[in-house]
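Q: Sequence and predicted structure, then a few things I'm wondering about:
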Amino acid sequence: MPRGLCTLLLVHHFALWAWTAFHRGFPLLEGMNRWDSAHYSSIVLGGYVMPLWAFLPLYPGVVKFVHALLGGSVPPQVLGSAVSSACLLAFVAWASRWAARGQPSALTPRTEWGWFFFLFSPASYALHSHHTEGLFLLLSFGAFASAWEGRFWRTALFAGLCVWSRNQGVFVAVAAALLLAEREETGPRRFARFAGLGALALAAYGGLLGFEWWASGDALAHLHAQSHWPHVDSARSALRTLWFGNPQQSLRMWSLVRGLFFALLLVASVALLRHSRPLGLYGLLSLGVMLPQGDFSNALRFGAVLFPLLFWLGDRLAAAPTWLRWPLALLTLWLNHKVTHLFIIGSWAY
């Protein structure tokens with residue numbers, strides 16, 4: 001069932017993009033290179049310059065390697081979509097095998113509705129397009145699954161790669177270290193596991209800083225590049241984001257949709273604390289880092305990789321009465337379709 005839903009998702013999205021490009025009269029490759037996809041393409045073709053250092057190097061590095069391997073004959077956005085789609089399919093296969101073991105885990109859904117809500121979350125197009133999300137999704141699941149099984153070195157490898165692929169990778173490392181510690185029965189061994197993985201994750205972050213210093217002369221290039229993005233000027237303004245209390249926030253439809261999606265993920269994070277504190281904490285940290293922006297402008301895309309939260313929400317949808325479940329499912333499909341369409345025409349879809 002998950003593989004069928006994933007195949008349906010890919011067919012729907014790429015067919016929608018092809019039809020929209022044809023109908024509106026612009027090249028499909030142009031549509032697939034909107035927003036951050038264009039920035040990743042610039043990195044692949046021309047390397048890093050400010051402010052492109054805001055995008056961490058693992059994903060564009062992988063695409064650049066494949067691009068060079070093929071002699072530069074395939075456009076970066078096509079290669080990126082292929083890499084991301086392969087990562088999404090690998091995630092679905094791995095998580096499905098994990099669930100088939102019958103081991104209770106907050107890492108996989110308990111119902112098919114969990115898979116549905118994850119795959120058709122509003123901005124799931126980012127998981128198979130020229131973005132870092134598909135790779136990060138696979139790596140973060142690898143880190144959590146390895147930690148759940150008590151595999152220290154494999155967890156360290158996946159967590160370190162997460163640190164190099166997305167700012168949120170640091171939160172993956174923290175949650176994975178806590179999951180590893182939970183596998184041990186005694187306090188000293190728990191501390192040793194947590195501290196050991198933390199040290200390796202810190203070393204991975206140090207390696208990232210070293211790479212940026214070597215390549216740009218600025219060890220904190222990825223942070224300094226983000227200074228160009230909008231941020232609030234106080235903790236109070238960050239908190240006001242929660243109730244649309246900042247001047248830059250509005251009550252227009254898409255702003256409300258993003259705020260509602262954030263609220264759903266927040267509820268799921270708090271609820272998940274009862275089943276797995278590390279994964280619930282991962283959700284809270286991932287949501288909390290959005291608040292300094294002062295609005296929810298990236299909530300749909302940022303939430304697309306939070307699979308434990310989306311699985312939990314989908315399982316709750318399965319328990320809803322039929323009269324409520326199916327209208328909510330249709331609304332989910334409509335939102336997914338609409339956001340995917342917004343991306344290809346160049347409207348804000350994050």
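A: Yes, it's here. Numbering: from 1, shown residues only.
Q: and residue 195, how many residues sit next to it?
A: 12 (other C-beta atoms under 10 Å). Where you see a C-beta, it was placed from the backbone N, CA and C, and this is true even at glycine.
Q: so how far is residue 149 from it?
A: 20 Å (C-beta to C-beta, to the nearest Å).
Q: Contacts for whatever helix or strand residue 334 lives in next, please.
A: Using DSSP states H and E, residue 334 maps to helix 322-344. Residues outside helix 322-344 that contact it (C-beta atoms under 8 Å, 6 or more residues apart in numbering): 12-13, 16-17, 20-21, 31-32, 34-35, 113, 116-117, 120-125, 129, 257, 300, 317-318, 320, 348-349.
Q: again, but for stretch 236-250
A: 230, 232, 251, 255, 259, 290, 291, 292, 293, 294, 295, 296.
Q: just how off-centre is stretch 272-284 within its chain?
A: 17 Å (C-alpha atoms, centre = their mean, to the nearest Å).
Q: Need the contact partners of that stretch.
A: 106-107, 144, 171-172, 174-176, 178-179, 182, 265-266, 268-271, 306, 308-309, 312.
Q: at 6 Å instead, please
A: The contact list for stretch 272-284 (C-beta atoms under 6 Å, 6 or more residues apart in numbering) reads 106, 171, 175, 178, 179, 269, 306, 308, 309, 312.
Q: Which strands and helices lie in contact with the host helix or strand of residue 159?
A: Taking DSSP H and E as the criterion, residue 159 maps to helix 152-165. Using 3 or more C-beta pairs under 6 Å, 6 or more residues apart in numbering; DSSP states H and E, the elements in contact with helix 152-165 are helix 58-69, helix 133-148, helix 169-182, helix 187-216.
Q: just those helices: most buried one?
A: helix 133-148 (a mean of 26; mean count of other C-beta atoms under 10 Å).
Q: Just the C-alpha atoms of that helix, please, in PDB.
A: C-alpha atoms of helix 133-148 as PDB (Å, rounded to 0.1, in the frame of the first residue of the first chain):
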ATOM      1  CA  GLU A 133      14.200  17.300   1.700                       C
ATOM      2  CA  GLY A 134      14.200  13.800   0.100                       C
ATOM      3  CA  LEU A 135      17.800  13.200   1.100                       C
ATOM      4  CA  PHE A 136      17.200  14.500   4.600                       C
ATOM      5  CA  LEU A 137      14.100  12.400   5.000                       C
ATOM      6  CA  LEU A 138      16.100   9.200   4.300                       C
ATOM      7  CA  LEU A 139      19.000  10.200   6.400                       C
ATOM      8  CA  SER A 140      16.900  11.200   9.400                       C
ATOM      9  CA  PHE A 141      15.000   7.900   9.300                       C
ATOM     10  CA  GLY A 142      18.300   6.100   9.100                       C
ATOM     11  CA  ALA A 143      19.500   7.900  12.200                       C
ATOM     12  CA  PHE A 144      16.400   7.200  14.200                       C
ATOM     13  CA  ALA A 145      16.000   3.600  13.100                       C
ATOM     14  CA  SER A 146      19.600   2.800  13.700                       C
ATOM     15  CA  ALA A 147      19.400   4.400  17.200                       C
ATOM     16  CA  TRP A 148      16.200   2.400  17.900                       C
END
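Q: could you point out where the chain is predicted with low confidence?
A: 103-104 (pLDDT under 70).
Q: Break it into its domains for me.
A: Residue ranges for the domains of the chain, per automatic domain parsing: 24-101+128-229, 232-350.
Q: So for residue 8, which of those domains sits nearest?
A: domain 232-350 (10.6 Å; C-beta to C-beta).
Q: can you give me the offset of that closest one from its chain's centre?
A: In terms of C-alpha atoms, centre = their mean, the centre of domain 232-350 is set 12 Å apart from its chain centre.
Q: Could you work out the end-to-end span of it for me?
A: 19 Å (C-alpha to C-alpha, to the nearest Å).
Q: coming back round to it: can you give me the buried ones in the helix holding residue 159?
A: 152, 155, 156, 157, 158, 159, 160, 161, 162, 163, 164, 165 (16 or more other C-beta atoms under 10 Å).
Q: Please report the distance of residue 152 from residue 200.
A: 9 Å.
Q: Give the phi and psi angles for residue 50, as a check.
A: Taking degrees, to the nearest 10, you get phi -70, psi 140 for the backbone angles of residue 50.
Q: Any idea how many residues pack against it?
A: Neighbour tally, residue 50, other C-beta under 10 Å: 12.
Q: how close does it sit to residue 225?
A: 6 Å.
Q: go on, residue 249?
A: Separation of residue 249 from residue 225 (C-beta to C-beta) stands at 24 Å.
Q: Which one's more surrounded, the two?
A: Between residue 249 and residue 225, residue 225 has the larger neighbour count (other C-beta under 10 Å), namely 20 against 17.
Q: Please tell me I have it right and that one contacts residue 48.
A: No. Using C-beta atoms under 6 Å, residue 225 is not in contact with residue 48; the gap is 9.3 Å.
Q: on that earlier part again, for the helix holding residue 334, list every residue counted as buried.
A: Of the residues in helix 322-344, 329, 332, 335, 336, 337, 339, 340, 341, 342, 343, 344 count as buried by neighbour count, 16+ other C-beta under 10 Å.
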